[in-house]
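Engineer: sequence-free structure coming up:
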């Protein structure tokens, strides 16, 4: 393994660590139209790898913008 290979492997290893607390995170499976690498920290929530910034960034959960997007409640 070359020096570049070991640096790259170390960089990818950092993705498994929460940027807030340094604890191990679990990689989330992709669902539906979700694109990208997502990780979850038990204490700090979800993070997404940003290819543009080459860093993990917090995922902001989108709130429904209308009643039609809310789940149906059985009556």
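Structural biologist: Thanks, I have it. What you see is a predicted model, and the numbers here were worked out from it, not measured in a lab.

Engineer: low pLDDT regions in this structure?
Structural biologist: Counting by pLDDT under 70, the ranges of the chain that qualify are 1-13, 32-34, 62-75.

Engineer: just the strands in it please.
Structural biologist: For the chain, strands defined by DSSP state E occupy the ranges 26-27, 38-41, 45-50, 55-58.

Engineer: among those strands, which is the most enclosed?
Structural biologist: Highest mean neighbour count of the strands of the chain: strand 38-41, a mean of 18 (counted as mean count of other C-beta atoms under 10 Å). Every C-beta, even on glycine, is put in place using the N, C-alpha and C of the backbone.

Engineer: Please name every helix or strand in contact with that one.
Structural biologist: Contacts defined by 3 or more C-beta pairs under 8 Å, 6 or more residues apart in numbering; DSSP states H and E place strand 38-41 against strand 26-27, strand 45-50.

Engineer: quick revisit: quick one, which of the strands of the chain is nearest to residue 18?
Structural biologist: When those are compared by C-beta to C-beta, strand 38-41 sits nearest residue 18, at 3.9 Å.

Engineer: Need the contact partners of the closest one.
Structural biologist: Contacts to strand 38-41, defined as C-beta atoms under 8 Å, 6 or more residues apart in numbering, come from residues 15-16, 18, 20-21, 23, 25-28, 30, 46-49, 56, 59.
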